[in-house]
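> Build the 3D model from these lines:
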Amino acid sequence: MKIDTDSLQVIHKKDKERFEIHVGAHIAELTYVAQGDTILFTHTGAPPELGGQGIGSKLVQAGLAYARSKKLKVKSVCWFVSGYIKRHPESIQA
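Predicted coordinates:
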């Protein structure tokens, strides 16, 4: 399944502490825990049908943009988020 990631909308479900992208019946997600002035990213997941197309990166970009907008410190226990930040250190700059 080829996906145009530019056309996808990231949905922030603040009450569930997660960001989602819906593609047909599939849902990709980035979960987090809000802890005072810190956001802890805990998991990024996508069904195999959505893998390898930049959807995870789009979720992480949205999560980090949210953290910047709220001036939150970023922590991660998710290998995908940690890897993204390592490759794009500017993404956590205010």
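> Which stretches in this structure count as strands?
Along the chain, counting by DSSP state E, strands occupy 10-13, 18-23, 26-35, 38-45, 73-76.
> how about the nearest residue to I11, chain neighbours excluded?
E20 (4.7 Å; C-beta to C-beta, 6 or more residues apart in numbering). For the C-beta atoms, the positions are set from N, CA and C on the backbone; glycine is no exception.
> what about the chain, any weak spots by pLDDT?
Across the chain, the ranges flagged by pLDDT under 70 are 1, 94.
> what about the longest helix in it?
helix 55-69 (DSSP state H).
> counting contacts, what elements does it pack onto?
Under the contact definition 3 or more C-beta pairs under 8 Å, 6 or more residues apart in numbering; DSSP states H and E, helix 55-69 sits against strand 10-13, strand 18-23, strand 26-35, strand 38-45, strand 73-76, helix 79-87.
> and the strands of the chain as a markdown table, adding distance to S82 and mean neighbour count?
Below are the strands of the chain laid out as a markdown table (distance: least, C-beta to C-beta, whole Å; neighbours: other C-beta atoms under 10 Å):
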| stretch | distance to S82 | mean neighbour count |
| --- | --- | --- |
| strand 10-13 | 20 | 14 |
| strand 18-23 | 16 | 19 |
| strand 26-35 | 13 | 18 |
| strand 38-45 | 8 | 18 |
| strand 73-76 | 5 | 17 |
